[in-house]
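[1] fold the following and give me the result.
(2 chains, ligands or ions: 6)
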Amino acid sequence: METFKIIIDGKECEAYPGETVLEVAERHGIVIPVFCHHKELRPEGACRVCLVEVEGAPRLATACTLKAMPDMVIRTDTERVKRARKGVIELILNNHTLECPICDKSGECELQMTGFRHGPKKSRYKEPRREKDIVIKGPLIEIDNDRCILCRRCVRMCGENMGNRVLGILRRGYQAYISPFNGDFLESGCEHCGSCIDVCPVGSLLDRAFKYKDRPWRMTKTWTTCTLCGTGCRMEVDTYHERIKRVVGRIGVNDGHNRGYLCVRGKWGWDIVYTDKRLKKPLLREGEDLKEVSIDEAIEILKEKVLNRKVNLFIESSLTNEELTRLAAIFGTENVASDALPYQEALTGVAEITGRFDTDKLSVIYDAEIIFVIGDFIEEIKADSTTLFSNNLLI
Amino acid sequence: MEKLLLRNVDKENSHTIEAYLRSGGYSALRKVLKEMTPEDVIEEVKRSGLRGRGGAGFPTGMKWEFAAADLKEPKYMVCNADEGEPCTFKDRIIIEKDPHSMIEGMIIGAYATGCRYGYIYIRGEYPIGRKILERAIAESYDKGFLGENILGTDFSFDLYVHSGAGAYICGEETALINSLEGRRGEPRIKPPFPVNAGYLWNPTVVNNVETLANVPLIIERGGEWYASIGSPDCPGPKLFPVSGKVKRPGVYELPMGTPLSEIIYEHAGGIINDRKLKLVFPGGASSSCLTADEIDVPMDFPSLAKAGTMLGSGAIMVLDETDCVVRAALRLIEFFRHESCGKCTPCREGTDWLVRIMRRIENGQAGEEDLDVILSISETMENSFCGLGMAAHNPVASTVKKFRDEYLEHIRLGRCPFRSS
Ligand SMILES: Cc1cc2nc3c(=O)[nH]c(=O)nc-3n(C[C@H](O)[C@H](O)[C@H](O)COP(=O)(O)O)c2cc1C
Ligand code: SF4
Ligand code: SF4
Ligand code: SF4
Ligand code: SF4
Ligand code: FES
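    Residues are numbered from 1 along each chain as shown, chains lettered A, B, ... in the order given. Ligands and ions are numbered 1, 2, ... in the order given. Next up is the predicted model:
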């Protein structure tokens, strides 16, 4: 693609057509603070913290909405820009609760970080803090509007990216607040994908299962793959002393094929790890009783019973490669059935046409212009891909 | 001066098509459809120098040219009849007394730019205006000025009325379009501008009522004639709604560039009880004020910009020596706080903070440092998303600058000096 040059803070930067000044700056390591901007969302231009000076323009412009043009000269470090940023952050902080000590977001809060780096050092606000006192609780999600900075990331995420249009803004001006459009998450059709929580820069949209459970800075973060269905979404599991505290998708950072988007199972299904119903050791029936045995013992017993007999093994598509290899080594691959088999047949058909057996990444759905859906069962089996679909279908 | 925009309003039943036709109405449309190409019309409007009367003063011919150049179909023509600013009531007189002049202007504009459909977005608080417009549109359909194959030509144009729900911000053109689409009334990012991506993301021309009412005049008498009226770089007749402490408040039609002092003292009859004039908001509720010494300014876009304020809608609000500046500014900023859509931080939070400080000043619970805070909030609000926030602080900031003593007196006395203690 043909590129051109723009100058940011005296530094020559290469820009691609259609890029915003913010994107160019980010690629070149120039920091511009943002609140409403998010990599995965359409620009909104609402928070006004990303102001920059454009040579020849009388007003400051928001870098997140300003398209880079050849030979543009931008400054992000002048006194005027710094004062403007400070002014905006001061306005956001004026009525903010600043209850960081008890806020789940503390430690990974963008308002904390941006406020500290770019905000004013002292407040001039003399008025009593204005409280909205509007907390909306769903079964898994909670919105605390006194922490909300009205960046609208959640509204755009739910409406435009997930295609669910659950969240909206009620009232206007200084009284505006975020709510599911008819006040209730379930009734508004929330699918509990958790994406709104993921993009909220502050502690306003909360994961209720995580509320008051732990602090972001002391948990161990482990990147892994969700095992709750065969899609294999990438996710971050946060643990403290080896106990799972929450799962986050990290939309915008996650480089898995799901790009951080999860479904309700991935986001909140992790508690099955700790249920008493979970089998942790194989059990052997002896008369009325069940006896705990080791996995090797269990396999030996199983082998005795089934080898050399006509056996059909039914494998669930969510098993991992490691589990499958182990099973194949023991039972062979002769008489295996799986809910994934029809899929293999479909693939064989596809391979006959395209000449390849491998499929594209799930995320190419984003860039597709037309999607053929064959069979209408997708919603049931893969909540996650459905959201990707609806994203494309609804826009 | 000869009445042009208000030529019909005093006639009996001036809102009916019969009355409009009797005074030569729709002859401009006939002329356009019979004798002129769309390009001719745009050329004529450009020659007239007509600038939008909705507040921004954008050259109408140029706007139409941009829309005509965009090939996406269908295109939409939208008349902005949301007139929601306090003390602005100029469009109302056209809507209620001469609706056909703006409808005719709209049809001509649609022909020039290639619009197939039109909407009149009228503020929810004008229910009578809405009825009158609906009736006028029906009459116009009856006579064949609207609908398919207008006057036997290939040109077709359908026109509908849409009522707002009471939000001032829906007068901002992109918020208006959002609202028309059934979305929340909030402005959109510009660019793209409505002429390229407006209603349903198609090319959309948004014009003010008064702007459109000028169009038949320009076609009938020619752009050159029009350009000779009033200020050379901003010509034409202009409606000035005058309110406040004048003897004869009302809507006055005068050439662009008429001095503000002349409007107040000659046309509006001067100040009530011949008291002293204290200050004027010359361009609606969001303009910076002018003091008694500054009112010799010509009322047009460039002159008022040079005087550090703006023409806006042309609404003139006059305060006299018995009025409290702080209270007036407080009242105005309360309006903007109420009307802020809440999308962007500076306007949403800035208007609220200003209201709270201003209330303290008015109640005598402020300090001098609060005045500096006001000016710095005002600077931050300059960076708002749309015109509402960019201008809302003007009445407060300009009065703090020009009437600092009166503010200080509030602070010193610990109460409003204009109210008995
Ligand atoms: C906050 C705000 C309110 C506005 N309200 C109105 C209005 O009530 N009527 C109007 O014609 N224009 C209004 N405008 C101006 C419109 O955005 C737009 O510029 C105008 O309708 C264009 O028409 P014109 O070119 O004929 O002036 C408003 C602008 C802003 C920023
Ligand atoms: S949202 Fe951020 S700034 Fe606000 S209370 Fe929570 S951690 Fe503190
Ligand atoms: S969890 Fe998903 S569906 Fe529910 S409100 Fe958040 S983004 Fe929308
Ligand atoms: S809830 Fe969070 S994401 Fe949504 S608007 Fe408020 S701060 Fe932004
Ligand atoms: S300035 Fe901002 S908050 Fe105010 S009306 Fe415009 S978009 Fe809404
Ligand atoms: S990040 Fe640019 S306006 Fe919010």
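[2] contact distance from chain A - what residues of chain B qualify?
    By the rule Cβ under 8 Å from any Cβ of the partner chain, the part of chain B lying against chain A is B:167, B:169, B:184, B:189, B:337-346, B:348-353, B:356-357, B:360, B:370, B:373, B:376-377, B:379-380, B:382-385. The C-beta positions use only the backbone N, C-alpha and C, and glycine is treated the same way.
[3] burial measure for residue B:81, as a count.
    As a burial measure, residue B:81 scores 30 neighbours (other Cβ atoms under 10 Å in any protein chain shown).
[4] surely it and residue B:91 touch.
    Yes: look at residue B:81 against residue B:91 with Cβ atoms under 8 Å: they come within range, at 5.8 Å.
[5] mutual contacts of these two, please.
    Both residue B:81 and residue B:91 are in contact with residue B:209, where contact means Cβ atoms under 8 Å, 6 or more residues apart in numbering or on different chains.
[6] which residue of chain A lies farthest from its centroid?
    Distance from the C-alpha centroid of chain A peaks at residue A:287, with 49.1 Å (Cα atoms, centre = their mean).
[7] still on that earlier bit, just the buried members of the residues of chain B next to chain A?
    Buried members of these, scored by 16 or more other Cβ atoms under 10 Å in any protein chain shown, are B:167, B:169, B:184, B:189, B:337, B:339-346, B:348-353, B:356-357, B:360, B:370, B:373, B:376-377, B:379-380, B:382-385.
[8] residue A:283 and residue A:292 touch, don't they?
    Yes: at 6.2 Å, residue A:283 and residue A:292 qualify as touching, with contact defined as Cβ under 8 Å.
[9] which residues in the stretch 101-250 of chain A form strands?
    Assigned by DSSP state E, counting those that start in this stretch, the strands in the stretch 101-250 of chain A fall at A:135-137, A:141-144, A:167-170, A:177-180, A:205-207, A:220-225, A:234-240, A:243-248.
[10] can you check chain B too?
    Under the criterion DSSP state E, strands of chain B are mapped to B:75-81, B:115-122, B:158-163, B:204-208, B:237-244, B:250-255, B:277-281, B:290-291, B:316-320.
[11] again, but for the stretch 251-395 of chain A
    Under DSSP E, counting those that start in this stretch, the stretch 251-395 of chain A gives strands at A:283-286, A:289-292, A:313-315, A:336-338.
[12] now for the second one, which elements pack on it?
    For strand A:289-292, the packing partners by 3 or more Cβ pairs under 8 Å, 6 or more residues apart in numbering or on different chains; DSSP states H and E come out as strand A:283-286.
[13] show residues contacting the strand it packs on.
    Taking Cβ under 8 Å, 6+ apart as the rule, strand A:283-286 contacts A:290-293, A:297-298, A:301.
[14] list the buried residues for that strand?
    Using 16+ other Cβ under 10 Å as the test for burial, strand A:283-286 gives no buried residues.
[15] any weak-confidence spans in chain B?
    B:421 (pLDDT under 70).
[16] would you reformat the strands of chain B as CSV and include distance to ligand 4?
    As requested, the strands of chain B are exported to CSV (distance: least, Cβ to the nearest ligand atom, whole Å):
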stretch, distance to ligand 4
strand B:75-81, 30
strand B:115-122, 28
strand B:158-163, 29
strand B:204-208, 29
strand B:237-244, 39
strand B:250-255, 43
strand B:277-281, 35
strand B:290-291, 40
strand B:316-320, 37
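[17] residue of the stretch 151-300 of chain B with the smallest distance to chain A?
    residue B:189 (5.2 Å; Cβ to the nearest Cβ).
[18] around residue 159, how many other residues sit close by?
    Here I'm looking at chain A. Residue A:159 has 19 nearby residues by other Cβ under 10 Å.
[19] wrong chain, I was asking about chain B
    Neighbour tally, residue B:159, other Cβ under 10 Å: 23.
[20] also residue A:56?
    Residue A:56 has 7 neighbours, counted by other Cβ under 10 Å.
[21] from the residues of chain B next to chain A, which ones fall inside helices?
    Judged by DSSP state H, the subset of the residues of chain B next to chain A located in helices is B:337-339, B:345-346, B:348-353, B:356-357, B:360, B:370, B:373, B:376-377, B:379-380.
[22] picking up where we left off before, within reach of ligand 1, which of the buried ones among the residues of chain B next to chain A are there?
    residue B:169 (Cβ under 6 Å from any ligand atom).
[23] burial count for the nearest residue to residue B:58 once chain neighbours are set aside?
    Closest residue to residue B:58 apart from its sequence neighbours, by Cβ to Cβ, 6 or more residues apart in numbering or on different chains: residue B:52 at 4.7 Å. Here the count is done by other Cβ under 10 Å, and residue B:52 has 22 residues near it.
[24] residue B:52 reaches residue B:212, doesn't it?
    No: in this structure residue B:52 lies outside contact range of residue B:212 using Cβ under 8 Å: 9.9 Å.
[25] what is the neighbour count of residue 160?
    Reading this off chain A. 16.
[26] think we crossed wires, I meant chain B
    What residue B:160 shows, counting by other Cβ under 10 Å, is a neighbour count of 13.
[27] ok, the one 5 residues further on next?
    Neighbours of residue B:165 under the rule other Cβ under 10 Å: 10.
[28] residue contacts, it?
    B:124, B:179, B:185.
[29] buried only: go through these for me.
    For the contacts of residue B:165, a burial check counting by 16+ other Cβ under 10 Å picks out B:179, B:185.
[30] and the contacts of residue B:165, which is closest to ligand 2?
    Using Cβ to the nearest ligand atom, residue B:185 comes nearest to ligand 2 of the contacts of residue B:165, at 28.3 Å.
[31] what's near enough to touch that closest one?
    By Cβ under 8 Å, 6+ apart, the contact set of residue B:185 is B:164-165, B:167, B:169-170, B:175-176, B:178-179, B:341.
[32] just curious, which of the residues you listed is nearest to ligand 1?
    Of those, the one sitting nearest to ligand 1 (Cβ to the nearest ligand atom) turns out to be residue B:169, at 5.7 Å.
[33] that older thread, and the strands of the stretch 101-250 of chain A as CSV, adding mean neighbour count, mean pLDDT and distance to ligand 4?
    Listed next are those as CSV, based on neighbours: other Cβ atoms under 10 Å in any protein chain shown; pLDDT from 0 to 100; distance: least, Cβ to the nearest ligand atom, whole Å:
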stretch, mean neighbour count, mean pLDDT, distance to ligand 4
strand A:135-137, 15, 97, 10
strand A:141-144, 22, 98, 6
strand A:167-170, 20, 97, 7
strand A:177-180, 22, 98, 5
strand A:205-207, 23, 97, 4
strand A:220-225, 12, 96, 21
strand A:234-240, 17, 97, 19
strand A:243-248, 19, 97, 15
